[in-house]
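**Q** What follows is a protein structure lacking sequence information:
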């Protein structure tokens, strides 16, 4: 655990910059911890963050700033050293309203005061410098920045502020590390010069490319993401349009893809028969893939087979090396041997592979470090399409009945179903259905984990989050999220959840929000609703999933306008339709052979 893990365990912003230096760790530590670090305008700005926002210029900048000069008091609050752990790490932090012209800092007594501070309308900013040895003569240096807030309103203000100063802040950190690299030099030799595990499997390689990235996560945290790679699996976290058939790479760890052994073949594409043979596997340390391909017959041979006249022979090694207790260096090397007629293909690969590999490592780091964006461009694009469909629904009230029975016929839409008695006389509702090529037992776990605090709704995620749900639609089944009678279905963090009124495990569940009895009795406005999810087997071994929503309300104009079908049905019906398709896609993808 690092100092920042203790100071800001729930950080909303984490950024790390790194550099390798050709000097012992003890020498680098003395330099960054005790020597002057304000020898240029940019490095002064890093170590005195006030200069980035103190636009009023209350005081002149000192010509020399050392970490030991950073002290906070009740009379002069500001940045102070919170953790000093020589010769490895020093952490500095401050609390204030950094978005204001003159920052009102708050003084706290040391690390404990910093951690426990919770007064609204403030952000907590901390940064740390860490030094760790790479060898007796070289070292690795990290600068990490973390920020959190004491309430959501402050975080929104900080985010707007950081959009402006964020690029300058990152430039400052890069400038600092570049100055240290010029001062100490970088370790001699290049990544291409190193001998890595797996190199001996292809001693006559004619081409080799090596890439690396430092990830703020342990090998144990990174490993599950690596072993689930592959077409028809988690993808490759690179440019999905090029190497995963356009399907999005996984955004969570899938337990059923964690088993991997030497001799297994990871599909290279979502549809093709070829793949990457697992040549070696050492959990949390090495994943070595390879392949022998015959372009003439368009087939793959086992790696140890005799090479045909035309061939591609390659290895792809992922090597994980811990830098310290919480950071890992991931080095990736691809080596290839090929027949003379494949020279043109080799040149093309030398152009495209660096682009793909760089993207893969960047996206792998985002996943392992837990900073993957909740909504990506796909979610936004799908949400825009969904919003257009909702808008169309709003201007076509004459199609309301058709939307109300999407995916069903008239008989299914009107037949009695469990939970109908909970809202016996609905003002409006819908009954939607979708056929799924899987038995009910495969569909139920996905339905049973619905909820904003569980697996999401498999619908238009970006629109849900735009409304404040703060969810991510699940890609895997989480048994601990299964809804049961007596629990509640959460639709939105600020809305009362719908109590689960009835469950027939594996067949249906019904959520019900009853109307207040006193409101009905006294003529006050009221609303009641039920939501049924019913799974029925079909004769072909598949399933049909129904979603029935029924809403009743009082007759007063305000309630009928707020909860009636004119505004609510086009939005809710479209979200529900997309949800059923989301369940179908997940169930059928999970059942597809890998």
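**A** That came in fine, so what should we check first? Computed from a predicted model, the values in this text were never measured in an experiment. Numbers count the residues shown, from 1 in each chain.

**Q** And the strands in the stretch 401-550 of the chain?
**A** Assigned by DSSP state E, counting those that start in this stretch, the stretch 401-550 of the chain shows strands spanning 428-436, 488-489, 498-504, 508-513, 527-537, 543-553.

**Q** any chance of these in a markdown table, with mean pLDDT and distance to residue 200 too?
**A** Any C-beta I mention is one placed from the backbone N, CA and C, and that applies to glycine too. Shown next, in a markdown table, are those (pLDDT from 0 to 100; distance: least, CB to CB, whole Å):
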| stretch | mean pLDDT | distance to residue 200 |
| --- | --- | --- |
| strand 428-436 | 97 | 49 |
| strand 488-489 | 96 | 57 |
| strand 498-504 | 96 | 58 |
| strand 508-513 | 97 | 57 |
| strand 527-537 | 97 | 54 |
| strand 543-553 | 97 | 51 |
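
**Q** With residue 289 as the reference, name the closest of those strands.
**A** With CB to CB, the closest approach to residue 289 among the strands of the stretch 401-550 of the chain belongs to strand 428-436: 33.9 Å.

**Q** strands paired with the closest one, and their directions?
**A** Paired strands of strand 428-436, with direction, are strand 543-553 (antiparallel) (DSSP bridges).

**Q** Check the offset of the strand it pairs with from the chain's centre.
**A** 32 Å (CA atoms, centre = their mean, to the nearest Å).

**Q** Buried residues of the helix or strand that comes right after that strand, list them for me.
**A** As assigned by DSSP states H and E, the chain's next helix or strand after strand 543-553 is helix 557-563. Neighbour-count burial for helix 557-563, counted by 16 or more other CB atoms under 10 Å, picks out 559, 563.

**Q** which strands and helices sit next to helix 557-563?
**A** Helix 557-563 is packed against strand 543-553, with contacts defined by 3 or more CB pairs under 8 Å, 6 or more residues apart in numbering; DSSP states H and E.

**Q** In TSV, list the strands of the stretch 401-550 of the chain along with distance to residue 271 and mean neighbour count.
**A** Formatted as TSV, those follow (distance: least, CB to CB, whole Å; neighbours: other CB atoms under 10 Å):
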stretch	distance to residue 271	mean neighbour count
strand 428-436	21	20
strand 488-489	37	18
strand 498-504	38	17
strand 508-513	36	23
strand 527-537	30	21
strand 543-553	25	22
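
**Q** Please name whichever of those is nearest to residue 150.
**A** Nearest of the strands of the stretch 401-550 of the chain to residue 150, taken as CB to CB: strand 488-489 at 28.6 Å.

**Q** got the domain boundaries for this structure?
**A** As assigned by automatic domain parsing, the chain contains the domains 3-184, 191-368, 377-591.

**Q** now the last one: how far from the chain's centre is it?
**A** Here domain 377-591 shows a centroid-to-chain-centroid distance of 26 Å under the convention CA atoms, centre = their mean.

**Q** Contacts only, for residue 478.
**A** Counting by CB atoms under 8 Å, 6 or more residues apart in numbering, residue 478 touches 449, 454-455.

**Q** One more pass at 7 Å, please.
**A** 449, 455 (CB atoms under 7 Å, 6 or more residues apart in numbering).

**Q** go on, residue 281?
**A** Residue 281 touches 260-262, 287, counting by CB under 7 Å, 6+ apart.

**Q** one step back: what's the least confident stretch among the domains of the chain?
**A** Note on these: domain 3-184 shows the lowest mean pLDDT, a mean of 85.

**Q** Grab the nearest non-local neighbour of the residue positioned nearest the centre of the chain.
**A** The centre of the chain sits closest to residue 372, judged by CA atoms, centre = their mean, with a distance of 2.9 Å. Leaving aside its chain neighbours, residue 372 sits nearest to residue 366 (4.7 Å; criterion: CB to CB, 6 or more residues apart in numbering).

**Q** Quick one: classify residue 209 as helix, strand or coil.
**A** For residue 209, the secondary-structure state derived from DSSP: H, G, I helix; E, B strand; the rest coil is strand.

**Q** quick revisit: am I right that the residue nearest to residue 372 is in contact with residue 360?
**A** No: counting by CB atoms under 7 Å, residue 366 does not reach residue 360; the two are 10.9 Å apart.

**Q** Which one of the two is surrounded by more residues?
**A** residue 360 (23 against 15; other CB atoms under 10 Å).

**Q** Could you say which helix or strand holds that one?
**A** helix 343-368.

**Q** Off-centre distance for that helix?
**A** Distance, centroid of helix 343-368 to centroid of chain: 21 Å (CA atoms, centre = their mean).

**Q** Could you list every helix and strand in contact with that helix?
**A** Counting contacts by 3 or more CB pairs under 7 Å, 6 or more residues apart in numbering; DSSP states H and E, helix 343-368 packs against strand 207-215, helix 219-227, strand 328-338.

**Q** ok, 6 Å please
**A** strand 207-215, helix 219-227 (3 or more CB pairs under 6 Å, 6 or more residues apart in numbering; DSSP states H and E).

**Q** between the last one and helix 343-368, how many degrees?
**A** By that I understand helix 219-227. 130 degrees (axes from the mean of the first three to the mean of the last three CA atoms, to 10 degrees).

**Q** Show which residues not belonging to helix 219-227 make contact with it.
**A** For helix 219-227, the external contacting residues (CB atoms under 6 Å, 6 or more residues apart in numbering) are 253, 258, 260, 284, 287, 318, 320, 322, 328, 364, 367-368.

**Q** now do stretch 418-428
**A** For stretch 418-428, the external contacting residues (CB under 6 Å, 6+ apart) are 508, 510, 512, 528, 530, 532, 550-553, 565.

**Q** The same query, at a cut-off of 7 Å, please.
**A** For stretch 418-428, using CB under 7 Å, 6+ apart, the contacting residues are 501-502, 508, 510, 512, 528-530, 532, 534, 550-553, 564-565, 569.

**Q** what do you get for stretch 90-108?
**A** So stretch 90-108 is contacted by 3-4, 7, 33, 50, 53-56, 58, 67, 70, 72-74, 77-84, 114, 117, 121-129, 157-158, 161 (CB under 7 Å, 6+ apart).
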